[in-house]
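Undergrad: Got a predicted structure plus its sequence, pasted below:
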Amino acid sequence: MAINWYPGHMHKAKKEIREVIPKMDLIIEVLDARLPFSSENPMVASLRRDTPCIKILNKSDLADPVVTQRWVDHINSTSGMKAIAVNLKQPDKIRSILDMAPAMVPERNLDVSQLKAIILGIPNVGKSTTINILASRTVAKTGNEPAVTKQQQRIKLPNNIVLLDTPGFLWPKLEPEDCGYRLAISGAIKNTVIEFEDVAMYLAEFMMAHYPDALRQRYQLKEIPESGIELFDMIGQRRGCMRRGGIADTHKVAEILINEFRDGQLGRITLETPEMIETQLKAMEESKAAREAGKAKK
Ligand SMILES: Nc1nc2c(ncn2[C@@H]2O[C@H](COP(=O)(O)OP(=O)(O)OP(=O)(O)O)[C@@H](O)[C@H]2O)c(=O)[nH]1
């Protein structure tokens, strides 16, 4: 899937982050609990060196709780970073990050009042909401539209940590390809620049394979069909969006599926597991190695 969404301010944000990360004592990254890998900024791993990092898996109320726990365990045991799953309705859990932060940088022997932290997150992931809870006041504008935050700002938190807020941004190269679909489904990319039906078809096929009971329940299906196209037709019939000739209005069905996923009406769904990512990365490496071997032969 080609995504041509890379506004000018994103280039600026990327450059700023590259300059600023090495000067920080702590990195806080807000991830979408439904797609913790796809919503991660790959620059963090390459730029952070030994800077402590807290990964906040936000919107956990919308994610599959069993898979969220697996992600938290996976990040805590493999990455040297600290993961915590939260949602809007748990402000106290979000605020606990303020207590966690100074303890994460003891070797730096820093005065807590001089701790500099940066908060990162892709558009619409809930970064502003998190900042407002951490700051105990409204300092960042929130809204259910990607890219509301456009400028860098410094925020003093109640325990004196200085938090640097940056505009949410996506990197242009979305690999493996599935990551692009997952980001589009989540609402991180503006609806106007995604191929809506294509993205919804990816979601339909994912749900058929991993959450068939959620589909059965939501759309009162007796059985799960063989293909995504048939599923579109079934949903179209259930929701009264059929064209003449008995074919579903695919755009309307696509909207229903994606909006109901985003609102949590399909249930608590996670679009990727640590194992899925491992398999996809391995396949990507293998195809890259095969391409290079092919080139070397020529
Ligand atoms: N269900 C649910 N919704 C959330 C949660 N956190 C944030 N949201 C919603 O997600 C939307 C985006 O939240 P923001 O805090 O504005 O996101 P942002 O990351 O600052 O967005 P940008 O300005 O695009 O960078 C809003 O509609 C929030 O109400 C959560 O834990 N659960």
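TA: Great, that's in hand. None of the values given here were measured: they were computed from a predicted structure.
Undergrad: Would you mind measuring from residue 185 to residue 164?
TA: 30 Å (CB to CB, to the nearest Å). Using the backbone N, CA and C atoms, a C-beta is placed for each residue, glycine as well.
Undergrad: the more surrounded of the two?
TA: residue 185 (24 against 20; other CB atoms under 10 Å).
Undergrad: need the contact list for that one.
TA: 199, 202-203, 258, 261-262, 271 (CB atoms under 8 Å, 6 or more residues apart in numbering).
Undergrad: What backbone torsions are found at it?
TA: phi -60, psi -40 (degrees, to the nearest 10).
Undergrad: measure it to residue 90 for me?
TA: Noted for residue 185: a distance of 24 Å to residue 90, by CB to CB.
Undergrad: go on, residue 288?
TA: As judged by CB to CB, residue 288 and residue 90 stand 41 Å apart.
Undergrad: okay, the two: which has more neighbours?
TA: When residue 288 and residue 90 are compared for neighbours, residue 90 comes out ahead with 16 against 11, by other CB under 10 Å.
Undergrad: So what's the model's average confidence on the helix or strand harbouring residue 182?
TA: For residue 182, the host element (DSSP states H and E) is helix 177-186. Mean pLDDT, helix 177-186: 91.
Undergrad: next one: stretch 60-75
TA: pLDDT averaged over stretch 60-75 gives 98.
Undergrad: Stretch 103-121 now?
TA: For stretch 103-121, mean pLDDT rounds to 75.
Undergrad: ends of it, how far apart?
TA: One end of stretch 103-121 sits 23 Å from the other (CA to CA, to the nearest Å).
Undergrad: Stretch 115-130 too?
TA: For stretch 115-130, the end-to-end distance is 18 Å (CA to CA).
Undergrad: How about stretch 259-268?
TA: 14 Å.
Undergrad: What lies in contact with that stretch?
TA: Taking CB under 8 Å, 6+ apart as the rule, stretch 259-268 contacts 61-65, 185-187, 203, 207, 211, 214-215, 217-218, 257, 269.
Undergrad: Mind doing that once more with 10 Å?
TA: Identification of contacts with stretch 259-268 by CB atoms under 10 Å, 6 or more residues apart in numbering yields 33-34, 59-68, 124, 144, 185-187, 191, 200, 203, 206-207, 211, 213-215, 217-219, 235, 256-258, 269, 271.
Undergrad: Could you pull out the buried residues of that stretch?
TA: 260-262, 266-268 (16 or more other CB atoms under 10 Å).
Undergrad: any chance of those residues in a markdown table, plus pLDDT, secondary structure and distance to the ligand?
TA: Listed next are the buried residues of stretch 259-268 as a markdown table, based on pLDDT from 0 to 100; DSSP: H, G, I helix; E, B strand; the rest coil; distance: CB to the nearest ligand atom, whole Å:
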| residue | pLDDT | secondary structure | distance to the ligand |
| --- | --- | --- | --- |
| 260 | 98 | helix | 13 |
| 261 | 98 | helix | 12 |
| 262 | 97 | helix | 9 |
| 266 | 98 | coil | 13 |
| 267 | 98 | coil | 13 |
| 268 | 98 | coil | 10 |
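Undergrad: Only C-alpha atoms, please: export the helix or strand hosting residue 287 in CSV.
TA: Element membership of residue 287, judged by DSSP H and E, is helix 274-297. What follows is helix 274-297, C-alpha atoms only, in CSV (Å, rounded to 0.1, in the frame of the first residue of the first chain):
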residue,chain,number,x,y,z
PRO,A,274,5.3,-10.1,19.0
GLU,A,275,5.3,-13.4,17.1
MET,A,276,3.6,-12.0,14.0
ILE,A,277,6.2,-9.2,13.9
GLU,A,278,9.1,-11.6,14.3
THR,A,279,7.8,-13.7,11.4
GLN,A,280,7.2,-10.6,9.2
LEU,A,281,10.7,-9.2,9.9
LYS,A,282,12.3,-12.6,9.2
ALA,A,283,10.4,-12.8,5.9
MET,A,284,11.5,-9.3,5.0
GLU,A,285,15.1,-10.1,5.8
GLU,A,286,15.0,-13.3,3.7
SER,A,287,13.5,-11.6,0.7
LYS,A,288,16.1,-8.8,1.0
ALA,A,289,18.9,-11.4,1.2
ALA,A,290,17.4,-13.2,-1.9
ARG,A,291,17.3,-9.9,-3.8
GLU,A,292,20.9,-9.1,-3.0
ALA,A,293,22.0,-12.6,-3.9
GLY,A,294,20.2,-12.2,-7.2
LYS,A,295,21.9,-8.9,-7.9
ALA,A,296,25.3,-10.4,-7.0
LYS,A,297,24.8,-13.2,-9.6
